[in-house]
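Asks: return atomic coordinates for the entry below.
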Amino acid sequence: MKLTRRIERVAITAGVLCLALTPAIARAAPQNLAPQARITANSEFSQSFLARFVADGRIAELGGNNDDGNAWAVRGQTHRDGAELTFEWPHAVEVAQVVYYSRSSHAVEGWKDYELYVDDQPAPVARGQLLSGHGPQSIVLPAPVKLRKLRLRFTSSFGGANPGASEVQVWSQKQDDKALGRFIPLPPYRMDKGGPLPPTAPPVSRSPELEARARRGELGFDRLIVIHRHEVNPSHVYTYHAEGFRPGGGLYVCNLADGKMTRLVDAGGGEIIDCELSYDAREILFSWKKGGRDQSRYGPADRAAEQTYHVYRVRVDGTGLTQLTHGDINNFNACWLPDGGIAFLSDQKEAYAYCFTTTSPILHRMDRDGGNVRRLSASYLNDFTPAVLNDGRIIYSRWEYVDRPACPIQSLWAINPDGTGVSGFYGNRVLEPGTFMEARPIPGGDRVLCMLTSHNGSCRGAIGIIDPALGANSQEALRNVTPEVPIGRVDRGNGNALINRGPYLNPFPLDEKYYLVSRRGTVLVRDYDATEEAALLGPQDSMGYFSPQPLRPRARPPVISSSLPPREQAQPWATVLLQDVYAGLEPTIRRGEIKQIAVVQEVEKAQRIPLLDRVPTGHGYAANSAFGFQFPLVSCGATYAAKRLWGYAEVAEDGSACFKVPTGLPLYFLALDAEGRAVQRMRSFTHFMPGEAQSCVGCHADRNYAAARALPRPPAGVQPADLRKPEWGLMNFNFHDIVQPVLDKHCVKCHNARSHPKDVDLSGDKTDFFNVAYDVLARTGTDGQWRPEVHGGRQCEPTYVRWIATINGAEANVLQIAPRAWGAAPSKLTQIVLSGHPDKDGKPRVQMDAASRRRLMAWMDLNVPYYGITRTNYGDRMGCRRLLPAELDGVLQQVAQRRCASCHGKEKSGRVKIPRTFYTRITNPQDNSFLLAPLTKAAGGTEACGKGIFTSTDDADYKAILAVFEPTLKMLQTRPRMDFPGAMDAFTCPDLQAAQR
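Replies: Coordinates of the predicted model:
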């Protein structure tokens, strides 16, 4: 197939033509000249996406999520619509052809229109248009040209978040298409392995009749409320309050009959991001950021009162402008409540995205004058776009982890206006689309209209209708009303198939047939059957129109009376009545097996840590993250969140339980057997208000058929029991304080630095990331065993503990909900502990007490956390934890070249092959294998090398290696890592905080 499209030949100036006509008597073999050039660009996303990577000879796999370090990408916020890539050679070279490979590892983030310039000539020698896809695309010059500088000017892209190139080859002679390989055309932003493409529906027909009816007011309104602004293009759906800011525009009323625009509010040097008309159509709520700039992911936070979003109220005639929220926090996405109050999002509680740097605004409510602010949600990650359902509940989107990968789960939830009765609405176990947001009720029923998009990229996509009566996660419940934008299947994908692909946002249902929507700034009215549409308002002055709503009264939903006691009478706890824990588990789980319910809290990330692209032990995008995008680390790729186990509730023989739980916290439950192993787990959280009483049917029933039910009080005669606290006390769960003492008591005598059968060392010595025992038990057999810096991966099979991977690439595990699938129940470590670790004759070698066993079971079922806190004193290190001396590898090689190469041999690079563990001891560094193995037994070593290399610890080379650790150990005395004593005292020390700033 021909790999170029619409390449327009452009006349070459006479001077260049003379060079091109130089005769070539004997041509050499075709040569890719790009690696010889100095390559620069006017935009580079980060150190992981430099211009020079286009000539490294590496083309990332389609959909492989692995092109960081071998592709060029621009900063999409500034150069998404164009950039320049320049090749310069020290001497003249002859060029006949350029071959471009789009970025197609994470998504098809490629350039579209291009111009090719030679040296400093003002006119291009070629211009044309590239395709969206994976593989080579040829740009052939009209004739070979001798030059010293070649400039590729890209003038448009397919809209990807950060366009660029995986590879750009510059050939001295034209290559045959077959030699270059196959090109795979793809719709923009498709993320897959190149499998069959879904059928694409034809564009919806424009309907002059529908437009005429709308302009005559025959759809029930004759004016629209709209926002005039630039398109907001954040890097993720959860960062639209912090990224994509571009000043200008305002809040307007549009008269459909004559097109007259009446400005209600001039945004000035700020931006209005959303609006909501009152039920009586007299007032408008809107969110306005009056100035400032995007929040940088690099460097310190930059927030001030005038640089954050706040909620305002104005009458529809433009009078009565009133600011309702204040301060250096973001308050936005407001909606009117049936009782006259206002629901909105706020980041006043300090919490940040686990894998990024932005705040996590969550659902609040306030009175119409801005007073009596009350937090409704206990989310530790973002809530999104609240609205009110026809039954009076608030519907909103929620992002969560709870031992799941980050990308697929931005699902829809409902909650009463007093904060009680939170329940899933749709999508909490759906892979594609990854995000459901901007949900609004369709008049006359329970269905909602919402926007469907991805986790990464802009907040636009397709539009869908959800009918919760057809299932909380079913394909049948989701109907795509913009079929020209494929959305994938609910049981396949990774949550990112729609990155910047769809153009639609801000849907507003008009009735049971039509809805309003913005298509990248053009306001449309469409029907749900996708048979007709009409454009009502188009972009003006380089800005579009968004958030369209008809200026007309609408039905006010019923007011839901609060079931809570007065605040002054409320207890600081809530009551949970579990009717039958076996509902949803039988017949897999037999009655009588479940003995307790464990109540677990997911703990928020309460410290903002700027991203770094270079740290002492690595470089690349987000180099201070590890094991996925964790910074700071909590685990080795399992849980992102720190955990707190609040206690245990007893389960009666009939499967019921009634117990107290703490309020205002994100909680989930584990159903435990007699050994303390999780039989089943919630992979989602719930939360409660003080004094709330909540009933639930069972374990893993469909939420829309077995939803939680608010109770005015516990049933008569039923007294909620206090939780039995864990024997280690109420503290955030960490491995070094809770699990390591068990191993020290029962295991370390046999499994230590000098004696470690099957390489199992269970010592408590601190390592570069964690401690030895954690590294061995949790990391062995995983992708992160040797490559902690990798951001993408898969659901691995750890050797000793079956933990749930939360790394990008492991999304399919969201669907694995069978009992005993994860944690202690299926793990090898559990079998060893319960069997007593028998010897070859079957005799138990370990008699572990029940309390010790339960500590191990809890650790496995909490998804193997190591750290109990998401704070750090080392934001400038990999994972914000790693204390590996940067000089260690160099010193080891210097010694090994002189004293070890004859036995261990060398790699092709000339480096000596030094046997090492995948972890490095920081405390007791003398017990690292590279110091023990060459040290004679007489001197205290293991002599595992077969002969003594160091006969004494006074050996100069031995001392040189050991000395590498001294600065780190000294630093830890005043700046302890969070698993060292005194870490929190140091963290709050004013002098240390000043030094860190």
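Asks: now do the end-to-end distance for stretch 591-604.
Replies: Taking Cα to Cα, to the nearest Å, stretch 591-604 runs 36 Å from one end to the other.
Asks: identify each buried residue in that stretch, please.
Replies: 593-604 (16 or more other Cβ atoms under 10 Å). The C-beta positions use only the backbone N, C-alpha and C, and glycine is treated the same way.
Asks: same deal with stretch 957-969?
Replies: Using 16+ other Cβ under 10 Å as the test for burial, stretch 957-969 gives 957-958, 961-962, 964-965, 968.
Asks: what do you get for stretch 848-857?
Replies: Neighbour-count burial for stretch 848-857 flags 848, 852-857 (criterion: 16+ other Cβ under 10 Å).
Asks: need the residues you listed in JSON lines (columns: secondary structure and distance to L219).
Replies: Below are the buried residues of stretch 848-857 laid out as JSON lines (DSSP: H, G, I helix; E, B strand; the rest coil; distance: Cβ to Cβ, whole Å):
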{"residue": "M848", "secondary structure": "coil", "distance to L219": "72"}
{"residue": "S852", "secondary structure": "helix", "distance to L219": "70"}
{"residue": "R853", "secondary structure": "helix", "distance to L219": "67"}
{"residue": "R854", "secondary structure": "helix", "distance to L219": "64"}
{"residue": "R855", "secondary structure": "helix", "distance to L219": "64"}
{"residue": "L856", "secondary structure": "helix", "distance to L219": "64"}
{"residue": "M857", "secondary structure": "helix", "distance to L219": "61"}
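Asks: of those residues, closest to V388?
Replies: Comparing those against V388 with Cβ to Cβ picks out M857 as the nearest, at 43.5 Å.
Asks: tell me how far that closest one lies from A674.
Replies: From M857 across to A674, the span is 11 Å (Cβ to Cβ, to the nearest Å).
Asks: poorly predicted segments of the protein, please.
Replies: Counting by pLDDT under 70, the ranges of the chain that qualify are 1-28, 63-66, 77, 105-107, 187-201, 500, 700-717, 986-997.
Asks: domains in it, as residue ranges please.
Replies: As assigned by automatic domain parsing, the chain contains the domains 5-185, 224-550, 567-861, 885-996.
Asks: ends of the third one, what's the gap?
Replies: One end of domain 567-861 to the other measures 36 Å (Cα to Cα).
Asks: if we can go back for a sec, just the ones in helices from the buried residues of stretch 957-969, please.
Replies: 957-958, 961-962, 968 (DSSP state H).
Asks: hmm, G647 and V599 touching each other?
Replies: Yes - with contacts counted by Cβ atoms under 8 Å, V599 reaches G647, the gap being 5.9 Å.
Asks: residues that sit against both of the two, list them.
Replies: Common contact partners of V599 and G647 (Cβ atoms under 8 Å, 6 or more residues apart in numbering): L723.
Asks: how about the helices in the stretch 651-800 of the chain?
Replies: Counting by DSSP state H, counting those that start in this stretch, the stretch 651-800 of the chain has helices at residues 740-746, 772-774.
Asks: and I139, which of those is closest to it?
Replies: helix 772-774 (52.4 Å).
Asks: outside of that closest one, which residues touch it?
Replies: By Cβ under 8 Å, 6+ apart, helix 772-774 touches 636, 735-736, 739-740, 743, 747, 753, 761-765, 864, 866, 919, 921.
Asks: hmm, try it at 10 Å
Replies: Helix 772-774 has contacts (Cβ atoms under 10 Å, 6 or more residues apart in numbering) with 635-636, 734-736, 739-740, 742-744, 747-748, 751-753, 756, 760-767, 859, 864-867, 917, 919-921, 923-924, 927, 979.
Asks: now the helix or strand following it - C-alpha only, PDB.
Replies: The helix or strand immediately downstream of helix 772-774 is helix 828-835, counting by DSSP states H and E. The C-alpha trace of helix 828-835 is given here as PDB (Å, rounded to 0.1, in the frame of the first residue of the first chain):
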ATOM      1  CA  LYS A 828       2.000 -20.200  49.300                       C
ATOM      2  CA  LEU A 829       3.000 -18.300  52.500                       C
ATOM      3  CA  THR A 830      -0.300 -19.200  54.100                       C
ATOM      4  CA  GLN A 831       0.200 -22.900  53.300                       C
ATOM      5  CA  ILE A 832       3.700 -22.800  54.900                       C
ATOM      6  CA  VAL A 833       2.500 -21.000  58.000                       C
ATOM      7  CA  LEU A 834      -0.600 -23.200  58.600                       C
ATOM      8  CA  SER A 835       1.300 -26.400  58.000                       C
END
